[in-house]
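A.B. asks: quick one, what's the 3D model for this:
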Amino acid sequence: MTATLTRAPATNTALVGTWHLTRLALRRDRVIVAIWIVLLSIVPAATVSSYDQFYPDAASRAALTAGALANPSFSLLYGPAFDLTTAGGFIAWRMGGFLALLIGLMAVFTVTRHTRAEEDSGRAELLASTVVGRYAALTAAVLVSGAASVLIGVIQVGTMISAKLPADGALAFGAGTALAGLVFTGVAAVAVQLAEYSRTANGIGTAVIGIAFLLRGAGDSTSDAHWLSWLSPIGWSQQVRPFAGERWWVLLLPVAATLVLGAAGYALLPRRDVGTGLVPPRPGPAGGAPSLRTPFALAWRLQRGPLLGWVIGFAVGGALFGSIASGISGLVGDTEQTRQIFERLGGSDAIVDAFLATMVSLFAMLSALYGVQATLRMRTEETGMRFEPLLATRVGRLRLAASHLVFAYAGTALLVLVGGVLLGISHGLRSGDVGGSVADMLTAVLVQVPATWVIVSVCTLLFGLLPRFTGLAWAAGALGLLISLFGPVVNAPQAVLDVSPFQHPPKLPGAAFTATPIVWLLVVAVVCLMAGLFGWRRRDVG
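C.D. replies: Now for the predicted structure:
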């Protein structure tokens with residue numbers, strides 16, 4: 001007898017192990033993805049009642065519409081105001097673009113973490129030596145990111161309908177958000193084939209998201225270049241016009257883009273080896289420069305790229321928010337309910353001062369996320385087996401940790417400072433008092449910095465004492481941001497609000513300065529920092 005050997009179809013063998021890798025990815029991301037889903041899915045419906053408080057009658061809604069249409073800065077920041085006379089139209093205007101941006105970040109980080117980052121660590125090559133198909137890792141990452149995007153959209157639809165918003169508008173809103181996530185999932189699938197390192201792939205993905213946001217802003221704020229917004233996936237989610245005469249055909253654009261980008265990612269994958277990218281990195285010099293002789297110099301080399309990107313983002317954000325501060329009174333209305341809500345958010349009787357205080361607080365919350373990223377770089381270097389060779393020399397543990405922590409602490413302060421100063425300059429140019437506005441913003445920045453240091457110190461504590469759970473530092477930062485942003489809006493109990501360190505500093509400008517909460521925040525930050533460094537000195541490396 002002669003045996004006939006048959007070869008399994010390439011498509012089947014290339015996907016072997018996909019289900020197992022998907023389960024592994026879901027297990028690893030069970031906390032992070034859950035936070036993203038909660039953050040992005042329930043917020044729109046939670047603000048329905050706030051809209052009725054801000055704009056209780058037709059007169060206040062007419063003033064809102066007039067204020068939004070009169071200032072191009074609002075279109076640049078939020079997008080086109082199709083219909084602001086209903087809660088659904090207002091939510092689509094204020095949140096649609098930002099939700100598309102955030103879900104894009106989630107997609108890029110998720111796909112990169114389970115593909116390129118696995119290749120950086122060497123785990124992908126180890127798995128490739130077993131019965132795992134060539135496309136399994138990418139498919140698993142795409143499934144996790146895509147499923148999370150779709151789930152966010154579905155929950156948005158359900159919660160908005162339960163909040164008594166029109167079903168058609170809710171469906172259009174949720175579909176726009178979900179498809180934005182799928183488009184940027186495709187962007188990430190291409191980026192991880194081009195770049196050789198995960199941080200480069202994340203940089204490519206976030207750069208595409210930033211360009212998409214800028215194209216949308218430029219097109220919506222300039223009548224002569226309105227066509228630019230049609231080049232942006234973020235613009236597509238708003239051009240569907242949820243709650244304002246839905247245009248369902250626009251959804252075909254993100255569907256087509258997703259299919260094209262996904263096909264490109266899968267076509268590029270077999271054209272490279274595991275651990276390499278299609279775009280080779282520039283070779284460095286044969287010998288290290290004298291400037292790299294110290295741990296601090298090495299940390300600067302590793303941290304400078306992300307820090308520069310964050311600084312640019314904060315500078316742009318400060319200039320944008322400052323440009324609209326003077327007109328915020330006409331936008332939010334002048335009702336007593338509005339003043340009460342803004343007092344809880346910003347802590348001031350003056351609407352403009354409350355808005356500026358809220359923006360500075362927002363900069364502090366976002367800068368804390370950079371602090372988490374900078375601190376967790378130590379864990380990345382440790383698990384990548386790059387700390388041990390350094391510690392085998394005369395470099396001590398505390399010195400090595402301090403070289404990274406200086407960027408975590410000083411970097412967060414720098415980001416809030418850049419955002420606050422640009423906020424003051426931009427607002428001062430509109431109000432005619434640049435010097436006074438910048439001085440007020442500097443004071444407001446200084447009182448917010450200790451709150452950001454608390455989050456960084458908590459991250460250091462986890463790194464030193466519970467290194468396996470350092471990922472929870474992202475949960476701590478996100479929890480503080482969620483409580484501070486949406487707790488006052490939904491009238492959360494004061495005990496819940498007090499959990500966030502960003503609720504304790506005085507909300508300047510406008511509020512009275514008190515030093516007691518600043519001192520307590522510094523004490524908490526120092527205690528957590530010392531405990532983390534103590535644990536780092538005593539535990540095993542790796």
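
A.B. asks: check the gap between Ala175 and Ser145 for me.
C.D. replies: Between Ala175 and Ser145 the distance, using Cβ to Cβ, to the nearest Å, works out to 17 Å. All C-beta atoms are positioned from the backbone trio N, CA, C, and that covers glycine.

A.B. asks: and for Thr115?
C.D. replies: Using Cβ to Cβ, Thr115 is found at 10 Å from Ser145.

A.B. asks: looking at the two, which one has more neighbours?
C.D. replies: Between Thr115 and Ser145, Ser145 has the larger neighbour count (other Cβ atoms under 10 Å), namely 30 against 27.

A.B. asks: go ahead and confirm that one touches Ala107.
C.D. replies: Yes - judged on Cβ atoms under 8 Å, Ser145 makes contact with Ala107 at a distance of 4.6 Å.

A.B. asks: list residues touching both of these two?
C.D. replies: Common contacts of Ser145 and Ala107 (Cβ atoms under 8 Å, 6 or more residues apart in numbering): Gly181, Thr185, Ala188.

A.B. asks: contacting residues around the second one?
C.D. replies: Pointing back at Thr185 there. Contacts of Thr185 by Cβ under 8 Å, 6+ apart are Ala107, Thr110, Val111, Val142, Ser145, Gly146, Ser149, Thr258, Gly262.

A.B. asks: quick one, phi/psi of it?
C.D. replies: Backbone geometry at Thr185, expressed as degrees, to the nearest 10, gives phi -60, psi -40.

A.B. asks: need the pLDDT of it.
C.D. replies: In this prediction, Thr185 carries a pLDDT score of 96.

A.B. asks: quickly note the distance from it to Val458.
C.D. replies: Remark: distance between Thr185 and Val458 (Cβ to Cβ) = 31 Å.

A.B. asks: how about Lys219, what does it touch?
C.D. replies: Actually, residue 219 is Gly rather than Lys. By Cβ under 8 Å, 6+ apart, the contact list for Gly219 reads Ala225, His226, Trp227, Leu228, Ser229, Trp230, Leu231, Ser232, Gly235.

A.B. asks: could you flag which of those are buried?
C.D. replies: Those of the contacts of Gly219 that meet the buried threshold are Leu228, Ser229, Ser232, Gly235, by 16 or more other Cβ atoms under 10 Å.

A.B. asks: I'd like to know how far the first one sits from Gly153.
C.D. replies: Which is Leu228. To Gly153, Leu228 is 25 Å away according to Cβ to Cβ.

A.B. asks: is it true that Ser60 touches Gln53?
C.D. replies: No - look at Ser60 against Gln53 with Cβ under 8 Å: they stay out of range, at 10.3 Å.

A.B. asks: just the pLDDT for Ser223.
C.D. replies: Turning to Ser223, the model gives it a pLDDT of 70.

A.B. asks: Pro44 now?
C.D. replies: On the pLDDT scale, Pro44 gets 84.

A.B. asks: and the host helix or strand of it, what's buried?
C.D. replies: Using DSSP states H and E, Pro44 maps to helix 43-46. The neighbour-count criterion (16+ other Cβ under 10 Å) identifies Val43, Pro44, Ala45 as the buried residues of helix 43-46.

A.B. asks: OK, contacts around the last one?
C.D. replies: With contacts defined as Cβ under 8 Å, 6+ apart, the neighbours of Ala45 are Gln156, Thr159, Met160, Ser162, Ala163, Leu165.

A.B. asks: looking at the shared contacts of Ser145 and Ala107, which is nearest Phe321?
C.D. replies: Distance to Phe321 across the shared contacts of Ser145 and Ala107 (Cβ to Cβ) is lowest for Gly181, with 25.6 Å.

A.B. asks: measure how buried the closest one is and give me the count.
C.D. replies: Applying other Cβ under 10 Å, I find that Gly181 has 33 neighbouring residues.

A.B. asks: which parts of stretch 108-124 are buried?
C.D. replies: Residues of stretch 108-124 classed as buried by neighbour count (16+ other Cβ under 10 Å): 108-121, 124.

A.B. asks: contacts for that stretch?
C.D. replies: Residues contacting stretch 108-124 (Cβ under 8 Å, 6+ apart): 21, 25, 28-29, 33, 125, 127, 137-138, 140-142, 144-145, 148, 184-185, 187-189, 191-192, 195, 197-198, 201-202, 205-206, 209, 274-275, 383-384.

A.B. asks: quick check: mean pLDDT of that stretch?
C.D. replies: Mean per-residue pLDDT for stretch 108-124: 86.

A.B. asks: output the contacts of Thr185 as CSV; include the columns secondary structure and distance to Asp498.
C.D. replies: What follows is the contacts of Thr185, written out as CSV (DSSP: H, G, I helix; E, B strand; the rest coil; distance: Cβ to Cβ, whole Å):
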residue, secondary structure, distance to Asp498
Ala107, helix, 34
Thr110, helix, 32
Val111, helix, 37
Val142, helix, 41
Ser145, helix, 35
Gly146, helix, 38
Ser149, helix, 34
Thr258, helix, 43
Gly262, helix, 45
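
A.B. asks: measure stretch 119-131 end to end?
C.D. replies: 17 Å (Cα to Cα, to the nearest Å).

A.B. asks: would you mind measuring from Phe54 to Thr258?
C.D. replies: 36 Å.

A.B. asks: what does Ala244 give?
C.D. replies: Ala244 sits 24 Å away from Thr258, going by Cβ to Cβ.

A.B. asks: quick one: low-confidence ranges for the stretch 1-150 of the chain?
C.D. replies: Across the stretch 1-150 of the chain, residues meeting the criterion (pLDDT under 70) sit at 1-12, 70-73.

A.B. asks: where do the helices sit along it?
C.D. replies: Shown for the stretch 1-150 of the chain, the helices assigned by DSSP state H, counting those that start in this stretch span residues 10-14, 18-28, 32-41, 43-46, 48-54, 58-70, 72-78, 87-113, 116-121, 123-128, 136-162.

A.B. asks: OK, contacts around Ile204?
C.D. replies: Neighbour list for Ile204: Ala191, Leu194, Ala195 [criterion: Cβ under 8 Å, 6+ apart].

A.B. asks: what's the spacing between it and Thr112?
C.D. replies: 9 Å.

A.B. asks: with Leu479 instead?
C.D. replies: According to Cβ to Cβ, Leu479 and Thr112 sit 24 Å apart.

A.B. asks: ok, now Arg468?
C.D. replies: Going from Arg468 to Thr112 by Cβ to Cβ gives 21 Å.

A.B. asks: Val33 now?
C.D. replies: For Val33, the distance to Thr112 - Cβ to Cβ - is 14 Å.

A.B. asks: swap in Leu26?
C.D. replies: 16 Å.

A.B. asks: next one: Leu298
C.D. replies: 23 Å.

A.B. asks: and for stretch 380-387, what are the contacting residues?
C.D. replies: Outside stretch 380-387, the residues within contact range by Cβ under 8 Å, 6+ apart are Asp120, Ser121, Leu302, Met378, Leu400, Pro467, Val541, Gly542.

A.B. asks: with the residues you listed in mind, which one is nearest to Gly309?
C.D. replies: Distances from Gly309 to these, taken as Cβ to Cβ, are shortest for Leu302 (13.6 Å).

A.B. asks: tell me the spacing between that closest one and Ser403.
C.D. replies: The gap separating Leu302 from Ser403 is 10 Å, by Cβ to Cβ.
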